[in-house]
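Trainee: task: produce atomic coordinates for the following.
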Amino acid sequence: MASPQTIQDRIDPGAMLASTHELSDGSRVRLRLTRPTDLPKIEAFLESLSATPEALVRHYAFYDPRERLVLAATMPRDGGEEIVGLAEVTLAATGSDEIAVLAGEDSQGRGVRTLLSQAGASLAIHRGRNAA
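Mentor: Prediction:
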C-alpha cells in the first residue's frame, strides 16, 4: 500500500509561481520571484511596514539564486501590481534552509503568509531533491 503524500510532495513550486491564488477573503494574489526592477515596489511595501533602509530594499531585489530566493506576493493595483508580502528562502549548503516571511497589515488574516510559507518550503524541498 502506498503511503499518503504530504502536502510538500504535492506542491509543485513551478506551478505555485505560475498561477494566481485565491485568498480566504476571495481576493487574488500572484506569486513570483522578485527582480531588480521591483525596487520601487519593494520600497513601497517596506515603507508600509516602517522599514525602509536602502540596503534592506536592495537585499530583497538583488540576490544570488544559488544562495537565496525571494518571492513576492502581488496584487493588481492601479493598472500595475503591488507587493503585499515577501518570503526569503535562504538555501544553506547543509540542507537546513530557512524561510522568513513578511506580510503587510492589509494582508493579515487573509492567507498571504501561509501561501508564501508553503511556496518557500516547496522551493527549498524541491532544491534539496535536485541537489541530491
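
Trainee: model confidence over the strand or helix carrying Met16, on average?
Mentor: Here Met16 sits within helix 13-17, counting by DSSP states H and E. In this model, helix 13-17 has a mean pLDDT of 66.

Trainee: after it, which helix or strand is next?
Mentor: On the C-terminal side of helix 13-17, the closest following helix or strand by DSSP H and E is strand 20-22.

Trainee: okay, now the sheet partners of that following strand, with direction.
Mentor: For strand 20-22, the paired strands and their directions (DSSP bridges) read strand 28-33 (antiparallel).

Trainee: leaving aside the residues next to it on the chain, what's closest to the residue nearest in space to the middle of the chain?
Mentor: With distances taken as C-alpha atoms, centre = their mean, Leu71 lies nearest the centre of the chain, 2.9 Å away. Excluding the flanking residues, the one nearest Leu71 by C-beta to C-beta, 6 or more residues apart in numbering is Ala87, at 4.4 Å. Glycine gets a C-beta too; all of them are placed from N, C-alpha and C.

Trainee: what about that neighbour, which helix or strand?
Mentor: strand 80-90.

Trainee: ends of stretch 90-103, how far apart?
Mentor: Start and end residues of stretch 90-103 are separated by 18 Å (C-alpha to C-alpha, to the nearest Å).
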